[in-house]
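S.K.: no sequence on this one, just coordinates:
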Ligand code: KIV
Ligand code: NA
């Protein structure tokens, strides 16, 4: 039994129904063990295209491919029984046309078992979102700082400050009207995130937004302290796994060099004891 009293895996409609209620707890995952670690504790697991930067050492999310998303999506799906599984559409797989988006979204869902896709964009992606939803593909929208547009933005900058807030409000209303079941708000002023949350009927999931959002999402390697190349302001590290991992590796290396590992309990006798 999960906290919400269901035993089946959560669906996008269950997430949508959390609007205005208990906060929607979301994290990214890219592997089976990480998915298993979080499944009982979160409502939604996102196979984010952040996988490119976090696990593959890419400089941005632009180099992430459909094949990478499918491989990681399948791995995460094997580790989940409770949380709703959402998979990111990678850069170049959906922007060209609604038909292109449908073809690739259907592939992501059928080849991984994900219950929904996420894509970046507001007003200009509304037609595509409606096209997908009308054809059976639940869509989570993502507005504000959309990292796949980093080259247009000229960096990972806060979006929607001052007069620009009206644009983001329109984006939120457009994706809601198009039928998105939830919307990620990334790196926007807290007051704007609160206004959008009050305005739209679908859950807002914040990352660098506001505690007043209907839910929160973080990149799991960031919050575990595993990814340490840089730390955005909106990341809180709940663990120091990167440091712990390096210390463990250093201890192993020292013991191997000292011939202290393997110890008697790790090795095998020539004859089996009677
Ligand atoms: O790719 C990702 O991890 C994301 C979340 C941070 C929302 O899109
Ligand atoms: Na993403």
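M.R.: The structure has been received and is ready for your questions. Bear in mind the structure is a predicted one, so any value in this text is a computation, not a measurement. Ligands and ions are numbered 1, 2, ... in the order given.
S.K.: Find the closest residue to ligand 1 in the protein.
M.R.: For the chain and ligand 1, the shortest gap (CB to the nearest ligand atom) falls at residue 48, measuring 2.3 Å. (Glycine included, C-beta is placed from N, CA and C.)
S.K.: which stretches of the stretch 101-250 of the chain have low pLDDT?
M.R.: Along the stretch 101-250 of the chain, segments meeting pLDDT under 70 are nowhere present.
S.K.: got a list of what the closest residue to the residue of the chain closest to ligand 1 other than its chain neighbours touches?
M.R.: Spatial nearest neighbour of residue 48, chain neighbours left out: residue 28 (4.2 Å); criterion: CB to CB, 6 or more residues apart in numbering. The neighbours of residue 28, taking CB atoms under 8 Å, 6 or more residues apart in numbering as the test, are 45-48, 50-51, 54, 217-221.
S.K.: Repeat that for residue 11.
M.R.: By CB under 8 Å, 6+ apart, residue 11 lies in contact with 84, 115, 138.
S.K.: neighbours around the second one, how many?
M.R.: Residue 115 is flanked by 24 other residues according to other CB atoms under 10 Å.
S.K.: With the last one instead?
M.R.: Each residue near residue 138 was counted by other CB under 10 Å, and the total is 24.
S.K.: Give me the phi and psi for residue 226.
M.R.: In terms of degrees, to the nearest 10, the main-chain angles of residue 226 are phi -90, psi -40.
S.K.: surely it meets residue 245?
M.R.: Yes. Using CB atoms under 8 Å, residue 226 is in contact with residue 245, at 7.3 Å.
S.K.: returning to that earlier point: would you check that the residue of the chain closest to ligand 1 makes contact with residue 89?
M.R.: No. Contact criterion CB under 8 Å: residue 48 and residue 89 do not qualify, at 10.9 Å.
S.K.: out of the two, which sits in the busier spot?
M.R.: Comparing residue 48 with residue 89 by other CB under 10 Å, the one with more neighbours is residue 48, at 28 against 25.
S.K.: Can you read off the pLDDT for that one?
M.R.: Model confidence at residue 48, given as pLDDT, is 98.
S.K.: Which residues are in contact with it?
M.R.: Contacts here follow CB under 8 Å, 6+ apart; on that basis residue 48 touches 28, 30, 88, 118, 219.
S.K.: Keep those, but drop any that are not near ligand 2.
M.R.: Checking the contacts of residue 48 against ligand 2 by CB under 5 Å from the ion, the ones in range are residue 88.
S.K.: so which of the contacts of residue 48 are also by ligand 1?
M.R.: Contacts with ligand 1 within those, counted by CB under 6 Å from any ligand atom: 28, 88, 219.
S.K.: is it possible to export these to TSV including secondary structure?
M.R.: Listed next are these as TSV, based on DSSP: H, G, I helix; E, B strand; the rest coil:
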residue	secondary structure
28	strand
88	strand
219	coil
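S.K.: Could I get those residues in TSV, plus columns for distance to residue 258?
M.R.: Conversion of the ones next to ligand 1 among the contacts of residue 48 to TSV gives the following (distance: CB to CB, whole Å):
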residue	distance to residue 258
28	39
88	45
219	37
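S.K.: Which secondary structure state does residue 205 sit in?
M.R.: Taken by three-state DSSP, the conformation at residue 205 corresponds to strand.
S.K.: That one bridge partners, please.
M.R.: residue 184, residue 215 (DSSP bridges).
S.K.: tell me the contacts of it?
M.R.: Per CB under 8 Å, 6+ apart, neighbours of residue 205: 24, 26, 44, 140, 182-185, 213-217.
S.K.: Name the residues contacting each of residue 48 and residue 89.
M.R.: Counting by CB under 8 Å, 6+ apart, the shared contacts of residue 48 and residue 89 are residue 118.
S.K.: Do a quick rundown of the strands in the stretch 151-274 of the chain.
M.R.: Using DSSP state E, counting those that start in this stretch, the strands of the stretch 151-274 of the chain run over residues 182-186, 204-207, 215-218.
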